[in-house]
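Student: Sequence and computational prediction follow.
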Amino acid sequence: MQAIRSLFVTKWSSDVNLDGKTALVTGANVGIGKETAKDLAGRGARVILACRDMVKAEQAARDIMREVKGAKVVAKQLDLADTKSICQFAENVYNTEKALHFLINNAGVAICPYGLTADGHEMQFGVNHLGHFFLTFLLLDLLKHSAPSRVINLSSAAHNMGKIEFDDLKGEKDYHPVRAYAQSKLANVLFTRELAKRTEALGVTAYAVDPGMVNTEITRHFRRPIMDLVTTFKFLSKTPAEGARTTIYCTVTPENLLPTGGYYRDCALAKSCWAGQDDGTALKLWAVSCQMLGIRWR
């Protein structure tokens with residue numbers, strides 16, 4: 001069984017040092033986010049853990065500092081389901097940080113019951129896409145100031161099932177948790193594609209990442225038969241540390257080997273689904289996202 005599992009785990013490593021660099025990881029108190037933060041701290045980066053639950057965030061920071069000698073880690077409160085919280089968080093970052101080299105939009109919710117963010121958006125689309133879209137918008141000046149810098153958006157293989165329902169983004173007409181999740185993950189890919197076009201000349205590159213099937217807390221809302229399937233194939237799933245590898249790959253790999261705007265899986269450039277390569281949909285999603293958030297981002 002271990003031999004079979006090894007076929008699904010990418011063997012990649014790098015000794016790139018990140019002394020003097022600053023990274024921000026959303027949802028870094030657990031799972032892939034925590035393992036990403038731990039790895040980057042081990043490379044010498046200053047790492048900001050951006051999390052909704054400060055008790056868990058501060059515990060994660062203590063864990064990393066205990067496990068990584070000399071780790072420079074700080075926890076800050078961020079609720080991606082509330083634009084006021086995102087604004088307050090961004091203001092705090094500008095007041096305390098001189099630079100930001102890596103923005104890793106890792107946090108997410110998956111296949112959860114219908115709910116709305118503080119601003120009235122469907123929860124999965126609101127957190128997974130709009131929250132990170134808005135956060136990136138607010139932190140872009142600092143990313144430009146720190147160039148070369150990178151934005152890494154965690155997507156999922158579920159984006160293959162996604163369709164952007166522009167006439168029902170709030171899920172009021174026909175909500176299905178799996179479809180809503182897939183839509184939000186497709187939005188991550190499309191956002192990355194359009195962002196890369198707009199920021200490459202500014203020294204800011206962007207990458208979408210599929211971490212693979214990872215055993216993390218994100219499955220807490222899964223119901224049968226999905227949970228039965230997850231349980232059946234659990235021995236094939238990656239650990240959070242293994243799931244973080246492609247994120248880390250997109251953080252440390254030299255830019256000349258890492259085409260911006262791309263979709264990455266198993267520490268390599270991969271192909272997203274056709275919907276994820278639709279420039280027209282990406283542009284429309286950008287405009288609609290700005291409208292929903294009440295911002296102008298040209």
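Tutor: Looks like it arrived, so ask away.

Student: can you give me the strands in this protein?
Tutor: In the chain, the strands defined using DSSP state E lie at 22-26, 46-51, 72-77, 102-105, 149-154, 204-210, 263-265, 268-270.

Student: how about the ones you listed, which one is nearest Tyr181?
Tutor: Proximity to Tyr181 (CB to CB) singles out strand 149-154 among the strands of the chain, at 12.7 Å. Backbone N, C-alpha and C define where each C-beta goes, glycine included.

Student: Counting by contacts, list what the closest one packs against.
Tutor: Strand 149-154 sits against strand 102-105, helix 132-145, helix 177-199, strand 204-210, helix 245-252, with contacts defined as 3 or more CB pairs under 8 Å, 6 or more residues apart in numbering; DSSP states H and E.

Student: And these: which comes nearest Lys170?
Tutor: Closest to Lys170 of those is helix 177-199 (CB to CB; 10.0 Å).

Student: Name the residues of that closest one that are buried.
Tutor: By neighbour count on 16 or more other CB atoms under 10 Å, the buried set for helix 177-199 is 177-196, 199.

Student: Then stretch 141-161?
Tutor: For stretch 141-161, a neighbour-count test (16+ other CB under 10 Å) marks 142-143, 146, 149-161 as buried.

Student: from those residues, which single one is nearest Ser272?
Tutor: Taking CB to CB as the measure, Ser272 lies nearest His159 of the buried residues of stretch 141-161, at 6.5 Å.

Student: Quick one, grab the pLDDT at Cys273.
Tutor: Here, the pLDDT recorded for Cys273 equals 97.

Student: Now do the same contact list for the closest residue to it other than its chain neighbours.
Tutor: Nearest residue to Cys273 in three dimensions, chain neighbours excluded: Asn160, at 4.4 Å (CB to CB, 6 or more residues apart in numbering). Under the criterion of CB atoms under 8 Å, 6 or more residues apart in numbering, the neighbours of Asn160 are 182, 272-273.
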